[in-house]
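Novice: Provided below for reference: sequence and predicted model.
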Amino acid sequence: MRRIPHGLYASLFGVVHLILTTNVLLVVGCLPLVAILITTDPVGSWPLIAVAVPLCAPAVRGAFAVFAEQRRGGSAILRTFWRAWRSGWGRTTAAAAVATAVVAVALADLRFLAPTQIGVVVIPLLAVVVLLVAGTLPVVLVALVDAPGTRLAAACRTAAYLAVGRWHLTLASLVVLVVQAGLFTLSPALALGVSAAPALYLVWSNARYTLLPALPADQPVAA
């Protein structure tokens, strides 16, 4: 019987360690949002969710930084996550707060205008706004990881332009996030403990490739 190489065990252990550790860090970093989603009805508590979502963005940025560090061959998950969370807290939260506010207003308008005649014209436009903002935010967070010296406004403009230009990657990321949200409604433990990091890795990889034209030439490309 052929033996399984020791390197394969080490690689599998590394992947499992990365997933589980990143999931724990995400839960801790997103604890206010997780608590609200688990203990309340999201339909009635959407104002609290809108407040908690921006507070979760630095943790997502930390996860993206961990993925980038692992891609470069690093292994310091906790230190990388904490450094990214701390250094980018202000700008990351600000970007997520603006995005959340735009999406919340657009969704409120969608609900208000749905039964009206003008809604036939306005609703598709509002839906495009929601998709564009939701698809651009992950690209902005990746831009702030890979180019931390970039001004937030410039990062948002570049991310929006490239997210539209590579819309298929943006759409794929949105599908991943929707599936992850659906899994959370069915099994929060599975979504938080197992699939959160893999889902965000796919989103990070798509956003990283989307940003390729705007990144320095020596930056490695996510596979």
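Specialist: Noted; the coordinates are in hand. Bear in mind the structure is a predicted one, so any value in this text is a computation, not a measurement. Numbers count the residues shown, from 1 in each chain.
Novice: The lowest-mean-pLDDT helix or strand in the chain: which residues count as buried?
Specialist: When each helix and strand of the chain is scored by mean pLDDT, DSSP states H and E, helix 6-29 comes last, with a mean of 81. Across helix 6-29, burial judged by 16 or more other C-beta atoms under 10 Å covers 18-19, 22-26, 29. No exception for glycine: its C-beta is placed from N, CA and C like everyone else's.
Novice: show me the contacts for Leu174.
Specialist: By C-beta atoms under 8 Å, 6 or more residues apart in numbering, Leu174 lies in contact with 131, 134-135.
Novice: brain fart, Ile123
Specialist: Applying C-beta under 8 Å, 6+ apart, the residues near Ile123 are 110, 113-114.
Novice: quick one, helices of the protein?
Specialist: 6-29, 31-39, 46-71, 77-87, 89-113, 119-146, 152-165, 167-186, 188-190, 196-210 (DSSP state H).
Novice: tally of neighbours for Asp112?
Specialist: Let me fix one detail, which is that residue 112 is Phe and not Asp. 11 (other C-beta atoms under 10 Å).
Novice: hang on, I meant Gly90
Specialist: Gly90: 10 surrounding residues under other C-beta under 10 Å.
Novice: Neighbours of Ala104, how many?
Specialist: Neighbours of Ala104 (other C-beta under 10 Å): 17.
Novice: Show me which of the buried residues of helix 6-29 is closest to Leu177.
Specialist: Top of the list for closeness to Leu177, among the buried residues of helix 6-29 and by C-beta to C-beta, is Leu26 at 13.5 Å.
Novice: ok, the closest one touching Val60?
Specialist: Yes. Leu26 is within contact range of Val60, at 7.4 Å (criterion: C-beta atoms under 8 Å).
Novice: Which residues are in contact with each of the two?
Specialist: Between them, Leu26 and Val60 share the contacting residues Leu200, judged by C-beta under 8 Å, 6+ apart.
Novice: Throw the contacts of Leu174 into JSON lines and include neighbour count, thanks.
Specialist: As requested, these are exported to JSON lines (neighbours: other C-beta atoms under 10 Å):
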{"residue": "Leu131", "neighbour count": "17"}
{"residue": "Ala134", "neighbour count": "19"}
{"residue": "Gly135", "neighbour count": "26"}
